[in-house]
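here is a sequence together with a model predicted from it:
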Amino acid sequence: MIGHQAMARQLGADQWLAARSRQPPGLARERTEAAVSATTVSIDGVTVVAPRGRVDSQSAGQLGNILRSAMSNVPPLLVVDMSGINYIGSKGLQALLGALSECRHAGGDLKLASVSPNVMHVLNIIQFDRLFSICHCVDSALADFQADRA
């Protein structure tokens, strides 16, 4: 029987992946489920969402759903505590941008807080730091919302 690595070299990566997906149902397949979980709390009319996990193309929809469900206040004021996110892909960035757009369209806003250096590097490269208000911690973001109301 030919090994997976040898098969990948022989067939090429695309054909090998296609062949792996056609395995008979009885054979074990490697499968990783991406998941994003979050805790949500409301503080003085501001919803703080703290997602945890890797936000890639498989889990970005979960992040989008979490953020949409947190927009219950009118206007929606959200702080996304990014300290639990160490990777975010393009689909995750789209989910953040979509939530920002929805918040602002409804007269609210979304602020990012506690962004890891890796994620901040990505935000800087694609110039999301110009679109989002990015605070060094959740308390700072909450204080910004309080100042905006005064």
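Yes, it's here.

so which bits of the lengthiest strand in the chain are buried?
Identified as the longest strand of the chain according to DSSP state E is strand 46-55. Judged by neighbour count (16 or more other C-beta atoms under 10 Å), strand 46-55 contains these buried residues: 46, 47, 48, 49, 50, 51, 53, 54, 55. From N, CA and C alone the C-beta is placed, and that goes for glycine too.

please apply the same query to stretch 61-72.
62, 63, 64, 66, 67, 70, 71.

mind giving me the domain split of this protein?
1-30, 37-149 (automatic domain parsing).

tell me who's in contact with residue 38.
49, 50, 51, 52, 63, 66 (C-beta atoms under 8 Å, 6 or more residues apart in numbering).

and of those, the nearest to residue 110?
Closest approach to residue 110 among those (C-beta to C-beta): residue 49, at 9.3 Å.

what's opposite that closest one in the beta bridge?
Assessed by DSSP bridges, residue 49 has beta-bridge partners residue 40, residue 80.

hang on, it packs against residue 66?
Yes: Residue 49 lies in contact with residue 66 (C-beta atoms under 8 Å); the separation is 6.3 Å.

what's the first helix or strand after the longest helix along the chain?
For the chain, the longest helix by residue count, based on DSSP state H, is helix 90-105. Next along the chain after helix 90-105, taking DSSP states H and E as the criterion, comes strand 109-113.

quick one: strands adjacent to that next one?
Strand 109-113 pairs in its sheet with strand 77-81 (parallel), strand 133-135 (parallel), by DSSP bridges.

coming back round to it: now render the buried residues of strand 46-55 as CSV, adding pLDDT and distance to residue 97.
Listed next are the buried residues of strand 46-55 as CSV, based on pLDDT from 0 to 100; distance: C-beta to C-beta, whole Å:
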residue, pLDDT, distance to residue 97
46, 96, 20
47, 97, 18
48, 98, 19
49, 97, 15
50, 97, 19
51, 97, 15
53, 93, 19
54, 93, 18
55, 95, 13
